[in-house]
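*Asks:* take a look and give me a structure for this.
(chains A and B)
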Amino acid sequence: MKPPRHPEVRAKRASKGDGAQANKKPKKLDAVTLEVIRNALPAIANEMAADLQRTSYNMMIYEVRDFCTSLVNTRGELIAQNVGGVSHFVADLGVIVTDGLARYGAKGFAEGDVIITNHQAVAGQHLNNIVIYMPYFYKGELLLFAMVRAHWIDVGGMSTGFGAGPSVADPWLEGLQLDQLKIYQAGKRNETLYRVLKDNIRFPESSLGDMKSQMAACRLALRRMSELFDKYGRDTVLDAIAQIFAETERKCRNVVEKLKDGVYEAASFIDHDGVKRDERVPIHAKVSIDRGSMIIDLSRCSAERKAAINSRTYAAARVAYKALTGPLEPVNEGSFRALKVIIPEGSVMMARYPAPMAGWSVIVPTVVDTIIKALGPAMTDRVPAGHHGLLGGSIVFFGVHPQTKRRFVVQSIEGGGWGGRPAEDGESATVSVCQGDVRNASIEGIELKCPVIIERRALRIDSGGAGKHRGGLGLDTCVRNLVDGRWNFDHPRREQCPPWGLWGGQPGSHGDFLLRLPGENDFRSMEAPHYPVPVDAEVIVRTGGGGGWGNPLERDAASVRNDVIEQLVSRRVAAETYGVVLRDDLTLDEAATAARRNALRSAAKRGSGQ
Amino acid sequence: MIVVAIDIGGTFTDLVGFDAKAGRFVEAKSLTTPRELTRGVLDCMRKSGLDAAAVDELIHGSTIAINTLIERTGAKTGLIVTSGTRDVYIVGRGNRPEAYNLFFHRHRPLVPRHLTCEVEERLTSAGDIFRPLNKASVAEACRTLAAAGVEAIAVCLLHSYVDPTHERTVGTMASAALPHAYLSLSHDILREYREFERLSTTVVNAYIGPRVGGYVKNLKSELAAAGFAGELSIMRSNGGVMTPEVATARPVAMMESGPVGGIIASARVGQKLGFANVISFDMGGTTAKTSLVRDGEPTLAPGYYVGGYASGHPVMLPMIDVIEVGAGGGSIAWTDDVGALKVGPRSAGADPGPICYRGGGSEPTITDANVALGRLDPHNFLGGELVLDAGAACAGIAHKIAKPLGMDAVAASQAILQIAIAKMALAVREVSVAKGYDPRDFALVASGGAGPLHVCAIARELHIPKVIVPLFPSHFSALGMLLADERHDFIRTFYCDLASLDFKALAAVHDEMAAEAKKALRHAERAAWQIALDLRYVGQEFTLPVPVTREAIKQADRQKIRAAFDALYEHRYAHQSPDEPVEMVNIRLAAIGKRPTLRFPKLAARKNAKPARRRSVYLGDSRQPLTCPVYQRGELGAGARIKGPALIEEHGTTTVLFAADRCTLAPSGELIIDVGGTR
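*Replies:* Numbering: from 1, shown residues only, chains lettered A, B, ... in the order given. All right, here's what the predicted structure looks like:
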């Protein structure tokens, strides 16, 4: 490839700055320049993402899209981030930059430096999430960093894949801890560090290949930023960024200003943390709205746990806020300026090092859902019932193929049901609110690479919560292993707090892991990390259904009938819960339906003591 | 010999014909008649004055396939799948591309769940029988579908791309049980792994099959009734044409044929003028489309999503790679709630249309901005067929854009165009820079009613030194169809390490594909063949198609193939790993039936060009209007040179030259523009 020739330098006022980001007095920019730069910045982040995905070596990146690509300035403010991948990475790289600058100083970076970090004291996520970043200098001045966080398939420790579940007691058991290390210094690789990495992870060719892809994506961003700065000049670009932040903030405020001021609360819980099994993990959200500003206070969520479900993240609050204020707009620092998040030190989501974080994100979707539920009364037309709330539903089965002697890992994220919505049913078998363009692995793709047979990937009848707008259905994915290996059964732990209904809708059914050994008749529920199974065992990865929205007795009888024909709802549930009576040929018995619905309504009234 | 192309678009049906003996072009345009598409075709023939009986070849592009899907007017379709996979079609990949949208929805299935039947059978990924086919379960499925009265059946069994035996047996039993139903077997449509995408492609084919098949049959008979006795070809999404028989069996292949014609034409026109590398830029009423042509070959994408990636139907057949942005003549300019100026993607369309059309439109559009700046002549639009209201356009822009932004109408109009140009430039970047190509090595070919108006500004933005405005820029898609070769693409998943690749087995698979291709080709004797292997580093998912020859396969030239992959990878991603193992995933074969080259007439030489008149026009971001010469394209001769600033008007479009731009007329009549201010 030819090296890109840089477009003509047209900088009008290339002044020497002091490294500060926006200028003291941002100039009002013309509408055109502003709009062009507004479009160009997310385009760079998205181009980084596309390249990373296409060149990566592990399905967590190319299918699960468990990564983010970002541009962050030297104040730790998010300039642009890719869209579409894992949502809980939203705007979470600023702390890495602030910490890196504290470590090395503003003068401690050189062109060609590549920094690698995953240390939980600052990053606050599981160690598989490796951040690679590179400084960007324009005419000798450090202006920003190009950054890629991506899930490596292995970082050493006691298990491969998604860490080893809640029982990982500390970060040393989890894997290699890398604390803001320069893997390249001014373009020269640190061979010692490289060897340490190579010798201490299980799939070095995969992860070091991914590192190469992460670096290439960063370099691409640096080239694109140079083109932008050369064309418009340093000050114009920085002014535009400041103005884009301000306008984004304004847009969010405009949405929140329409909501009634007040304090809104909701609570939920996880059955237990996986270690201390007799204690719920409480989740609570208090949302205050005051003239366009929002405060999301998560103080009454659980304190940090001995089980590895801790994190340091604002993700739950930010994902909820983004979904409610501007779901389709690109993300930047302005997206969250009108939001204040309160999470005290020592909370399960603001845990102190070395609290274990191997399963850092598992509770986050439920927290997001709880925040959204709190706002239900404030925005009745924008809030769905609860969704399955699980990051997992995941297949993780691994071993060594007896013929080829190659290690293999079967991985896939299976979706569950989403809650009914104010105007329509919830989607079935879809990934959680913290996962965007996260794709399940294709059956044929899995079987080409790994010695298993996927026997079934099927919707579960009656798993969606009943409602005027029905919750989506959960999924059963059944895997038969053709060689022995180990399963991670990371149980969803939402049996006692299943996906909730809203406005009279019923809850969806919960998820599970089920195992049947060869020769056994029945499946049994499992919860165990890297559990060994013999050849020909069968495992069902079961995901929950979504909650229903509104009273099921108000659901249009024709829709209930259609659900029965489509085998999404059984005839029994149609009659018992929806009060819709069908004849044997599945035609609607209108008289019986009216009578049945009346009876159910009166029973409900009696039940509620009215 | 007389060759005719007829292209049905959203608004117009276009005809371009060429009489090789007389060396003469014929063109015609009529309104598209959505309910009765064939009538539009025959209307156009009549308008052109051509005698159907004298036409030797007719190439046809139609929106019938895509409309049947988008309007959901296809057949009642049933689906037969491997047991355990009934919900693969509904579940898809379980993803939510709009990550923060609580109200997202995925594709809406074309087959209801109760018409999806499972049959008992199972292959492994190696093609071994894990469970034999239970014929009783097939018979049961056929009974269910027959009782429901389905008109079409799709069959997609797991791993049928390795061994289609089970799928064929199911197909045979289904056609015996439902002899009138249209049948699509997944391995016939797409012999590649990934069950959801193959299934979706097969279902789309079955769903649109009966209607498209009926359309093709009807078209043939009506053309025959009009006296046509020549060869009929149908345009397809991969940039080639196919026989009506292939179109009837694989209608899904014509799904995206609309934008393709213009890209083929760009490639051919570029080549003829000595520019093998061009970027086509087609700007119509609602969108602008751009695509890259390298060494005279359009770039193919391996598949696409009808209705968009987030909620669309995957169709994994090769399609010319097009990037489309919501910036066309009718795209609406607006200010958002924080006062930022935006253009598109909403369009005023043809109805009510831009303000200046006086059809009731009140939202300012790109066309209105062009009229307000004097770049479009209100009295010479579509040859004067439609008189535009410049005053209303200015007033609308002043009211909706200029006032809220605190500027005057001229500045607001300029701002609208600049934002549109920046958007379109980003799209051109996406097909070039983002894939490792430097746009400065390409010429930009402009078409569509609005393309020539904006092309020089876009070229300047990207430092593209040459612009070509071809003949018939507003009939360009039909012209491209006239020039398209016959083309059939085949794929087979063939998964193995490159190091242990069995070249003999690969050659056998290749020969099987070639035999299939020969059956589909109308003129197999003129065929050219392209083979590519989809390769990747072990552990990766995405592949790059590496061109190889039949010879390289025969000689088992592992090293050469390997080196070609590393080099391609380096070009695309700017790094490579020559020490890492490489694996093969698919083999692709394209069979290209060359059609005879048409020798277009030369334009009479006339070196000096005289402006027809002068008009006051705002160009660039100048605050002062220029008195600008206006040329009529029809009056220009070969070799004429025109210095910008200038306007060159023709029926259906206007080319805008800025001060530094220099235009020369090619001997065959194209405008070749040296774009000023690039390097």
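
*Asks:* where does the stretch 451-600 of chain A get nearest to chain B, residue-wise?
*Replies:* Nearest residue of the stretch 451-600 of chain A to chain B, counting by C-beta to the nearest C-beta: residue A:456, 3.6 Å away. All C-beta atoms are positioned from the backbone trio N, CA, C, and that covers glycine.

*Asks:* helix or strand right after the helix or strand of chain A at the bottom of the mean pLDDT ranking?
*Replies:* Least confident helix or strand, chain A: helix A:59-62 with a mean of 78, by mean pLDDT, DSSP states H and E. Going down the chain from helix A:59-62, the next helix or strand is strand A:67-73, by DSSP states H and E.

*Asks:* so is that next one next to chain B?
*Replies:* No: Strand A:67-73 stays clear of chain B (C-beta under 8 Å from any C-beta of the partner chain), getting no nearer than 10.6 Å.

*Asks:* could you say which helix or strand holds residue 43?
*Replies:* No chain was given, so I picked chain A. helix A:31-55.

*Asks:* not quite, I wanted chain B
*Replies:* Assigned by DSSP H and E, residue B:43 belongs to helix B:37-48.

*Asks:* which helices and strands does that helix pack with?
*Replies:* strand B:2-8, strand B:12-19, strand B:24-31, helix B:195-225 (3 or more C-beta pairs under 8 Å, 6 or more residues apart in numbering or on different chains; DSSP states H and E).

*Asks:* wasn't residue A:488 part of a strand?
*Replies:* Yes: counting by DSSP: H, G, I helix; E, B strand; the rest coil, residue A:488 falls inside a strand.

*Asks:* once you drop chain neighbours, what's closest to it?
*Replies:* Residue nearest to residue A:488 in three dimensions, not counting chain neighbours: residue A:396, with 4.1 Å by C-beta to C-beta, 6 or more residues apart in numbering or on different chains.

*Asks:* wait, a strand at the one you found?
*Replies:* Yes: under three-state DSSP, residue A:396 sits within a strand.

*Asks:* how many other residues sit next to it?
*Replies:* 25 (other C-beta atoms under 10 Å in any protein chain shown).

*Asks:* from chain B, how far off is it?
*Replies:* Distance, residue A:396 to chain B, using C-beta to the nearest C-beta, to the nearest Å: 16 Å.

*Asks:* list the buried residues of stretch B:222-237.
*Replies:* Using 16 or more other C-beta atoms under 10 Å in any protein chain shown as the test for burial, stretch B:222-237 gives B:223, B:228, B:230, B:231, B:232, B:233, B:234, B:235, B:236, B:237.

*Asks:* what does stretch B:177-196 give?
*Replies:* B:177-178, B:181-196.

*Asks:* follow-up on the earlier one: I'd like the distance from the helix holding residue B:43 to the chain centre, please.
*Replies:* Distance of helix B:37-48 from its chain centroid, counting by C-alpha atoms, centre = their mean, to the nearest Å, is 23 Å.

*Asks:* cool, stretch B:640-652 as well?
*Replies:* 29 Å.

*Asks:* and that stretch, what's its mean pLDDT?
*Replies:* The average pLDDT within stretch B:640-652 is 94.

*Asks:* end-to-end on that stretch?
*Replies:* 21 Å (C-alpha to C-alpha, to the nearest Å).

*Asks:* if we can go back for a sec, check what pLDDT the residue of the stretch 451-600 of chain A closest to chain B gets.
*Replies:* Per-residue pLDDT puts residue A:456 at 97.

*Asks:* again, but for residue A:6
*Replies:* pLDDT at residue A:6 comes out at 34.

*Asks:* tell me the contacts of whatever residue of the stretch 201-350 of chain A ends up closest to chain B?
*Replies:* Going by C-beta to the nearest C-beta, chain B is nearest to residue A:327 of the stretch 201-350 of chain A, at 3.9 Å. Contact partners of residue A:327, counting by C-beta atoms under 8 Å, 6 or more residues apart in numbering or on different chains, are B:98, B:100, B:101, B:102.

*Asks:* which among these end up buried?
*Replies:* B:98, B:100, B:101, B:102.

*Asks:* in JSON lines, list those along with secondary structure.
*Replies:* Below are the buried ones among the contacts of residue A:327 laid out as JSON lines (three-state DSSP):
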{"residue": "B:98", "secondary structure": "coil"}
{"residue": "B:100", "secondary structure": "coil"}
{"residue": "B:101", "secondary structure": "coil"}
{"residue": "B:102", "secondary structure": "coil"}
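
*Asks:* quick check, nearest of those to residue A:548?
*Replies:* For these, the residue nearest residue A:548 by C-beta to C-beta is residue B:102; the value is 15.7 Å.

*Asks:* any regions of the chain where pLDDT drops low?
*Replies:* I went with chain A, as the question did not name one. A:1-27, A:160-165, A:392-393, A:609-610 (pLDDT under 70).

*Asks:* I was thinking of chain B, sorry if that wasn't clear
*Replies:* Filtered on pLDDT under 70, chain B yields the residue ranges B:679.

*Asks:* what's the domain layout of it?
*Replies:* Using automatic domain parsing, the domain ranges for chain B come out as B:2-70+B:213-254, B:77-207, B:486-593, B:613-674.

*Asks:* what's the end-to-end length of the shortest one?
*Replies:* Using C-alpha to C-alpha, the end-to-end distance of domain B:613-674 comes out at 23 Å.
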